[in-house]
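S.K.: Build me a model from this:
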Amino acid sequence: MAEVISHKGTVTGCSGGIVSVEIVSESACAACHAAGLCTMAESSRKIIEVPLAEGETYVTGQEVEVCLARKSGLKAVLFSYVIPVMFLLILILSLSNVGLGELAVGLLSVGGIALYYLVLYLFRDKLAEGYGFYIKK
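M.R.: The predicted structure follows:
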């Protein structure tokens, strides 16, 4: 198992010590010969901003590889998927046991998850310090 997660991308810009790299995320079936006819194949474009290392220069349109330590990727999955699902289950079960109606339990649970993601958003700069993206040419 590789210790690094990497994606090929294209440099879209470089300013202020930050390189913007566009990566294309494709579903597993995007490479299928029938992908154009099938509605299951999908892809999305994402822009990743990577701090520019000292002495490195990149040109718009240059092909690069954006890398992240696997440990950091697993931490991102934990914060974005695992914790919210556990939080949602705890909210639903505890609010149901209190005796609230289904509508109230659903609305309060969704509100709790919205609050969780709001807190993540507010602390995004602090959380971003723990993720070290880097570029390989």
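
S.K.: what about the strands in the protein?
M.R.: Taking DSSP state E as the test, the strands found in the chain are 4-15, 18-26, 43-51, 63-69, 134-136.

S.K.: Give me the distance between S94 and G112.
M.R.: To G112, S94 is 10 Å away according to Cβ to Cβ, to the nearest Å. (Glycine included, C-beta is placed from N, CA and C.)

S.K.: more neighbours, these two?
M.R.: A direct count of neighbours by other Cβ atoms under 10 Å for S94 and G112 places G112 higher, at 16 against 13.

S.K.: re the thing from before, JSON lines for the strands of the chain, including mean neighbour count and mean pLDDT?
M.R.: Output for the strands of the chain, formatted as JSON lines (neighbours: other Cβ atoms under 10 Å; pLDDT from 0 to 100):
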{"stretch": "strand 4-15", "mean neighbour count": "15", "mean pLDDT": "85"}
{"stretch": "strand 18-26", "mean neighbour count": "16", "mean pLDDT": "83"}
{"stretch": "strand 43-51", "mean neighbour count": "13", "mean pLDDT": "81"}
{"stretch": "strand 63-69", "mean neighbour count": "16", "mean pLDDT": "84"}
{"stretch": "strand 134-136", "mean neighbour count": "15", "mean pLDDT": "79"}
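
S.K.: Of those strands, which is nearest V98?
M.R.: Shortest distance between V98 and those, using Cβ to Cβ, is found for strand 43-51: 40.0 Å.
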